[in-house]
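K.L.:
Model the following, please.
(one chain, ligands or ions: 3)
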Amino acid sequence: MSDSTAQPTPSTQLAPLHSLTPAQLGELAVNIKIWGKELGFAQIGICDTDLTAEEPKLQAWLDKGYHGEMGYMANHGMMRARPHELHPGTKRVISARMNYLPPEAGFAFNLKDPNLGYISRYAGGRDYHKMIRNRLKKLGDRIEAELKNLGITKPNSRPFVDSAPILERPLADKAGLGWTGKHSLLLSEEVGSWFFLGELLIDLPLPVDIPVTEGCKTCVACIKSCPTNAIVEPYIVDGSRCISYLTIELQGAIPLEFRQAIGNRIYGCDDCQLVCPVNSKAPVTDENDFHTRASLKQPQLLELFAWTELEFLKLTEGSPIRRIGHARWLRNIAVALGNAPCSEAIITALKARKFSDEANDMVIEHIDWALAEQAAKQDAIAQDEQTIALVNRKTQRVIRSVEKGLPRDA
Ligand code: B12
Ligand code: SF4
Ligand code: SF4
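P.N.:
Ligands and ions are numbered 1, 2, ... in the order given. This is a model prediction of the structure:
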């Protein structure tokens, strides 16, 4: 059929983005926040793309080697602080946060019992990356549909969550979603810090939000409680000392100096957030997907250690834990078993694992360490010496702080 009679395509009839008036942009910003909530985000804020003030701080962090083996942190030069380079044309960042604190978090219960594995509470449910990116994409679609209704052309937008080379926390800070705590995470007076961040980069000159005033004041609880002293200065975390890095990001052996301090934390760590007084008002997530799955709720270390690779893959399907693979999972649990009370069952399990097909050299080295720790405790008991404290003093303080400050989540 000839197209000589075809109507002009709708896009040729649409006005350019710059024809939006300030009033229309203001109304759009209000609507974006409403649509964000409808999509399950707890809060949305908007900021420009200027992070020049962060560049020297990021460079200093990299120069000190605080990224450890996280080569991806150094790979993109200063692009992390230049969202308009990451997605050319970007004028604004729509920053979103989604709460993840699961019900019945049982923090203190879990940390108190060295026979249980502690899994950071962001990781007990579904992996957040895909889910948040999809919701941000929907927000972009909603903005596009609204503009189309107004007779305006399609904006250029792109969602990012976590793994993109972009400084999410400083952007969210600028967008008014909270202040940067001394533990370097974002938190807010009303909701604490148990939330993920994500962004929609967009080429619309939307009105921006006002940052929140910092609220840590004289508190230093997070700095004092970090099991590995990773918060080296207020607001600065040496990533290479953080248990989250040691148990998730680090591919090889966990340095000896940190093994005892790791305690029973087998995937990530929450201590700096557990002692934070601002978290006393934190809401539980509305997302069922972030609820802790049964197999990961207060799990016995010995049960987790017995999982075959197939079981590991099956039981962590859709969870962020799957990313570390079975070998690192065994590595982490071996450390926790070394820190657990002296027990024949643990020694037998460690020996059985050592001679199984699934233990590589790295895992075997951690098992040997754990066996030596178990043997030292056995000797101490035999000689009637005072046993090594099973939950170290710092952790005991964290436990007390949770029982007092976060009774609902204890
Ligand atoms: C790399 C990384 C890590 C590393 C390094 C952590 C770190 N602090 O950098 C490791 C693996 C250790 C880690 C751990 C965790 N992470 Co992480 N991580 C990231 C990632 C991918 C990049 C962070 C980054 O850019 N670091 C580089 C350094 C330079 O940035 P920075 O720490 O913010 O440093 C700034 C400050 O030092 C600041 N600064 C310096 N001096 C001063 C002085 C003042 C007064 C102020 C205000 C600031 C300031 O300037 C620096 C540059 O901006 C982001 C996602 C992303 N793409 O942004 C998630 C992210 C920061 N992580 C997140 C989470 C949840 C965690 C954990 C809680 C997970 C867990 N439970 O195990 C822990 C918390 C540890 C901690 N206290 O930081 C969330 C944080 C959400 C929030 N509420 O803020 C993010 C945003 C992921 C997400 N999309 O939700 N993480
Ligand atoms: S997550 Fe744990 S190890 Fe990392 S900074 Fe916070 S308290 Fe320290
Ligand atoms: S524990 Fe204290 S210093 Fe640390 S983030 Fe919370 S309020 Fe700030």
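
K.L.:
Local confidence estimate at residue 6?
P.N.:
Per-residue confidence at residue 6 stands at 42 (pLDDT).

K.L.:
now do the one 10 residues further on
P.N.:
Note on residue 16: pLDDT of 93.

K.L.:
ok, and the closest non-adjacent residue to it?
P.N.:
residue 153 (5.7 Å; CB to CB, 6 or more residues apart in numbering). Using the backbone N, CA and C atoms, a C-beta is placed for each residue, glycine as well.

K.L.:
And that neighbour, how close does it get to ligand 2?
P.N.:
Going from residue 153 to ligand 2 by CB to the nearest ligand atom, to the nearest Å gives 45 Å.

K.L.:
got it, and residue 300?
P.N.:
Relative to ligand 2, residue 300 is positioned 23 Å away (criterion: CB to the nearest ligand atom).

K.L.:
who are the neighbours in contact with that residue?
P.N.:
Residue 300 sits next to 115-117 when contact means CB atoms under 8 Å, 6 or more residues apart in numbering.

K.L.:
Compare the residues you listed and tell me which is most surrounded.
P.N.:
Most neighbours among the contacts of residue 300, by other CB atoms under 10 Å: residue 117, with 26 neighbours.

K.L.:
Am I right that that one is in contact with residue 264?
P.N.:
Yes. The pair residue 117 / residue 264 is scored as a contact, 5.9 Å apart, by CB atoms under 8 Å.

K.L.:
any common contacting residues for these two?
P.N.:
301, 336.

K.L.:
Low-confidence stretches in this structure?
P.N.:
Scanning the chain with the threshold set as pLDDT under 70 gives 1-12, 385-389.

K.L.:
what does it put close to ligand 3?
P.N.:
181-183, 187, 216, 219-222, 275-278 (CB under 6 Å from any ligand atom).

K.L.:
Just the buried ones out of those, please.
P.N.:
Buried positions within the residues of the chain next to ligand 3, assessed by neighbour count (16 or more other CB atoms under 10 Å), are 181-183, 187, 216, 219, 221-222, 275-276, 278.

K.L.:
ok, so of the residues you listed, who is nearest ligand 2?
P.N.:
Nearest to ligand 2 among those is residue 183, at 5.6 Å by CB to the nearest ligand atom.

K.L.:
Against residue 109, how distant is the closest one?
P.N.:
With distances taken as CB to CB, to the nearest Å, residue 183 is found 23 Å from residue 109.

K.L.:
Kindly report the same for residue 201.
P.N.:
Where residue 109 is concerned, residue 201 sits at a distance of 41 Å (CB to CB).

K.L.:
Looking at those two, which has the bigger crowd around it?
P.N.:
More crowded of residue 201 and residue 109, by other CB under 10 Å: residue 201, with 26 against 16.

K.L.:
hang on, isn't the more buried one packed against residue 85?
P.N.:
No. Using CB under 8 Å, residue 201 is not in contact with residue 85, being 10.7 Å away.

K.L.:
ok so, going back, where's the residue nearest to residue 16 relative to residue 201, distance?
P.N.:
Going from residue 153 to residue 201 by CB to CB gives 17 Å.

K.L.:
same deal with residue 293?
P.N.:
32 Å.

K.L.:
Residue 383 now?
P.N.:
Between residue 383 and residue 201 the computed distance is 63 Å (CB to CB).

K.L.:
cool, residue 361 as well?
P.N.:
Using CB to CB, residue 361 is found at 43 Å from residue 201.

K.L.:
ok, residue 25 to ligand 3 distance?
P.N.:
In this view, residue 25 and ligand 3 are 34 Å apart by CB to the nearest ligand atom.

K.L.:
Hmm, I typed the wrong one, I wanted residue 206.
P.N.:
From residue 206 to ligand 3 the distance is 29 Å (CB to the nearest ligand atom).

K.L.:
these two touch, right, that residue and residue 45?
P.N.:
No. Residue 206 lies out of contact with residue 45 (CB under 8 Å); the separation is 10.7 Å.

K.L.:
So between these two, which is more surrounded?
P.N.:
Using other CB under 10 Å, the more surrounded residue of residue 206 and residue 45 is residue 45, with 26 against 21.

K.L.:
Provide a list of residues in contact with that one.
P.N.:
Residue 45 makes contact with 94-95, 172, 175-177, 209, according to CB under 8 Å, 6+ apart.

K.L.:
let's go with 6 Å and repeat that
P.N.:
95, 175-177, 209 (CB atoms under 6 Å, 6 or more residues apart in numbering).
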